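**Q** predicted model, plus sequence, below.
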Amino acid sequence: MKRMNLRDVPDDVYAALSDAAAANRQSLSAFVVDRLTEAAQVARLGDYLAAFQPAGEGHVSLEDAVGAVREAREAS
């Protein structure tokens, strides 16, 4: 695993992270690593969505999708 040192963290940000870590019964380091992991996953998801090419020729409009969901809800 790599090490990371952060500089110039504003006092209010540090305090908020410290409080949140304590509320989650985690060390500050573990809490920040968890938040960075979430941020990395979101960043990768954006790359995936930007490059996504749907399979096949099919296309469902938003209106058709909404209609299908409503129909399924009403049937149950």
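**A** Ah, there it is. Numbering: from 1, shown residues only.
**Q** CA only for contacts and neighbour counts going forward, please
**A** Fine.
**Q** can you tell me the element residue 50 falls in?
**A** helix 28-51 (DSSP states H and E).
**Q** now do the buried residues in that helix.
**A** For helix 28-51, a neighbour-count test (16 or more other Cα atoms under 10 Å) marks 28, 31-32 as buried.
**Q** residues contacting that helix, please?
**A** 17-18, 20-22 (Cα atoms under 8 Å, 6 or more residues apart in numbering).
**Q** hey, C-alpha coordinates of that helix in PDB?
**A** Extracted C-alpha coordinates of helix 28-51, given in PDB (Å, rounded to 0.1, in the frame of the first residue of the first chain):
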ATOM      1  CA  LEU A  28      -9.000   9.500  11.200                       C
ATOM      2  CA  SER A  29      -6.800   7.700   8.700                       C
ATOM      3  CA  ALA A  30      -9.200   4.800   8.200                       C
ATOM      4  CA  PHE A  31     -12.100   7.200   7.800                       C
ATOM      5  CA  VAL A  32     -10.200   9.300   5.200                       C
ATOM      6  CA  VAL A  33      -9.100   6.200   3.300                       C
ATOM      7  CA  ASP A  34     -12.700   5.000   3.100                       C
ATOM      8  CA  ARG A  35     -13.800   8.400   1.800                       C
ATOM      9  CA  LEU A  36     -11.000   8.400  -0.800                       C
ATOM     10  CA  THR A  37     -12.000   4.900  -1.900                       C
ATOM     11  CA  GLU A  38     -15.500   6.100  -2.500                       C
ATOM     12  CA  ALA A  39     -14.200   9.100  -4.500                       C
ATOM     13  CA  ALA A  40     -12.000   6.800  -6.600                       C
ATOM     14  CA  GLN A  41     -15.000   4.500  -7.400                       C
ATOM     15  CA  VAL A  42     -17.100   7.500  -8.500                       C
ATOM     16  CA  ALA A  43     -14.300   8.700 -10.700                       C
ATOM     17  CA  ARG A  44     -14.000   5.300 -12.300                       C
ATOM     18  CA  LEU A  45     -17.700   5.100 -12.800                       C
ATOM     19  CA  GLY A  46     -17.700   8.400 -14.700                       C
ATOM     20  CA  ASP A  47     -15.000   7.100 -17.000                       C
ATOM     21  CA  TYR A  48     -17.000   3.900 -17.600                       C
ATOM     22  CA  LEU A  49     -20.200   5.800 -18.300                       C
ATOM     23  CA  ALA A  50     -18.400   8.100 -20.700                       C
ATOM     24  CA  ALA A  51     -17.000   5.200 -22.700                       C
END
